[in-house]
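dropping a prediction and its sequence here:
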Amino acid sequence: MEKDELIGKLSNFIRKEKFQEIKEIIKKFKDEKNYDMVCFSSQAFINMDEYKEALEILDSIKNEYSENGEFCIRYAMALYNSNREDEALEWFKKAKEKGIKEIDETSSRYYPKSINEWIKRAELWAPRRIEKNKFEKELREKRNKKPILNVSFDKEVLKGLWYYDEFSLKEYLGKPATDEDFEKVERELGYRLPDSYKALMRIQNGGELRKNNFEGPFKRNWTSGSFDAEYISGVDSSKRYSLCGEFGSKFWIEEWKYPNIGIAICGTSSGGHDMIFLDYSDCGPEGEPCVVHIDQEGGYEITYLADNFKDFVDGLFTSLDDEYEDD
């Protein structure tokens, strides 16, 4: 099979999600110890912006093929686009050492072809990635990961929290939440819901937010800083945007390929291209999740927002545009 034919075939399989067929093709190359074609197969995933899958392929031949220049450049690109720029820098430099001057195949016409340009990009973003990772690691290490009980919200936090127009009430607001509702959601999703979330849902079972902005703790001139949250999902499964509704947490993980780290709790104004999650990855399904932002358009980059759901709700505020609109 010619290389162009292989890329076309694999790309078609990726679009149709025929991953078993892809595995069989790659397995055949591995059995033949044809690492050149295994490496080349990853390019189809890079072209389709499926960097996680590309890394899985390349990791499987890393020991045998890491001195190959083509491997190094593909591995570097997959790492770079997986928000691992600090690791990518090492592999871009190694690719250059192996004689790579330009990248023949790129997954975007906006990407440079010159290896030197890629090294410049990685050198710019690598220290920023290291700083952000260190900052968020420290936040995770010091936060309370045990369930926080007997939570209540201040009246000033609840004041003006929700929208109450006809659309909001119809699409987001569920019937009064019960213990049975919480238990059903917990069974279906496999996570203990935070007591702070339950306390808020007993006051109002989901809704569109009027206080729809949150200021992230990591503030640098090259970060967005502020994050929007359009709605909070409730536990009335008859509502499409509830946790177990048509557009609930499983939908975003299974259909939109968000990382399976917890519960998609808030939608944003992007219509699914970024989401707010309860993140149980450092506390387990019975622990107290932190709150994170996940950018689907940015390689599913995860940004730490708050130690827990209560702190997240307490930190929500109304945008200036909405305040001017009210005036």
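Happy to help now that I have it. Numbering: from 1, shown residues only.

using CSV, write out every CA atom in whichever helix or strand Ser42 is part of.
Secondary-structure assignment from DSSP states H and E places Ser42 in helix 35-47. What follows is helix 35-47, C-alpha atoms only, in CSV (Å, rounded to 0.1, in the frame of the first residue of the first chain):
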residue,chain,number,x,y,z
TYR,A,35,7.9,0.8,12.0
ASP,A,36,8.2,3.3,9.1
MET,A,37,4.5,2.6,8.2
VAL,A,38,3.4,2.5,11.8
CYS,A,39,5.0,6.0,12.3
PHE,A,40,3.5,7.2,9.0
SER,A,41,0.0,6.0,10.1
SER,A,42,0.1,8.5,13.0
GLN,A,43,0.1,11.3,10.5
ALA,A,44,-3.5,10.5,9.6
PHE,A,45,-4.5,11.2,13.2
ILE,A,46,-2.4,14.4,13.3
ASN,A,47,-4.1,15.6,10.1
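
starting at the chain centroid, how far to that helix?
Put simply, helix 35-47 sits 24 Å off its chain's centre (Cα atoms, centre = their mean, to the nearest Å).

can you name every helix or strand that that helix contacts?
helix 3-15, helix 19-31, helix 51-60, helix 62-65, helix 69-80 (3 or more Cβ pairs under 8 Å, 6 or more residues apart in numbering; DSSP states H and E). (Glycine included, C-beta is placed from N, CA and C.)

please work out which of those helices is packed deepest.
helix 69-80 (a mean of 25; mean count of other Cβ atoms under 10 Å).

distance between it and the chain's centre?
Chain-centre distance of helix 69-80: 22 Å, with Cα atoms, centre = their mean.

and the next helix or strand past it?
Following helix 69-80 toward the C-terminus (DSSP H and E): helix 85-97.

buried set for that following helix?
85-86, 88-89, 91-96 (16 or more other Cβ atoms under 10 Å).

of all those, which two lie farthest apart?
Within the buried residues of helix 85-97, two members stand farthest from each other by Cβ to Cβ: Asp86 and Lys96, at 17.0 Å.

other residues contacting the helix holding Ser42?
Here helix 35-47 makes contact (Cβ atoms under 8 Å, 6 or more residues apart in numbering) with 3, 6-7, 10-11, 14, 22, 25-26, 29-30, 51, 53-54, 57-58, 60-61, 64-65, 68, 70-71, 74, 77-78, 81, 105, 107.

show me where the stretch 201-327 of the chain has strands.
207-208, 213-215, 226-228, 231-232, 262-267, 274-279, 290-295, 301-306 (DSSP state E, counting those that start in this stretch).

in a markdown table: these, plus distance to Gln43 and mean pLDDT.
Output for the strands of the stretch 201-327 of the chain, formatted as a markdown table (distance: least, Cβ to Cβ, whole Å; pLDDT from 0 to 100):
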| stretch | distance to Gln43 | mean pLDDT |
| --- | --- | --- |
| strand 207-208 | 43 | 98 |
| strand 213-215 | 38 | 97 |
| strand 226-228 | 34 | 95 |
| strand 231-232 | 39 | 98 |
| strand 262-267 | 31 | 98 |
| strand 274-279 | 27 | 98 |
| strand 290-295 | 24 | 98 |
| strand 301-306 | 23 | 97 |
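
could the ones you listed go into TSV alongside distance to Pro176 and mean neighbour count?
Shown next, in TSV, are the strands of the stretch 201-327 of the chain (distance: least, Cβ to Cβ, whole Å; neighbours: other Cβ atoms under 10 Å):
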stretch	distance to Pro176	mean neighbour count
strand 207-208	13	23
strand 213-215	27	18
strand 226-228	28	17
strand 231-232	16	25
strand 262-267	19	24
strand 274-279	22	24
strand 290-295	25	23
strand 301-306	26	20
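
any idea which of these gets closest to Asn144?
strand 290-295 (9.9 Å).

and the closest one, what does it pack onto?
Against strand 290-295 (3+ Cβ pairs under 8 Å, 6+ apart) you get strand 274-279, strand 301-306, helix 309-314.

please name the residues that touch the nearest residue to Asn260 once chain neighbours are set aside.
Leaving out its chain neighbours, the residue that sits closest to Asn260 by Cβ to Cβ, 6 or more residues apart in numbering is Ile253, at 5.3 Å. Contact analysis of Ile253 by Cβ under 8 Å, 6+ apart lists 259-260, 264.

test my guess that Phe182 contacts Lys198.
Yes: between Phe182 and Lys198 there is a contact at 5.6 Å, judged by Cβ atoms under 8 Å.
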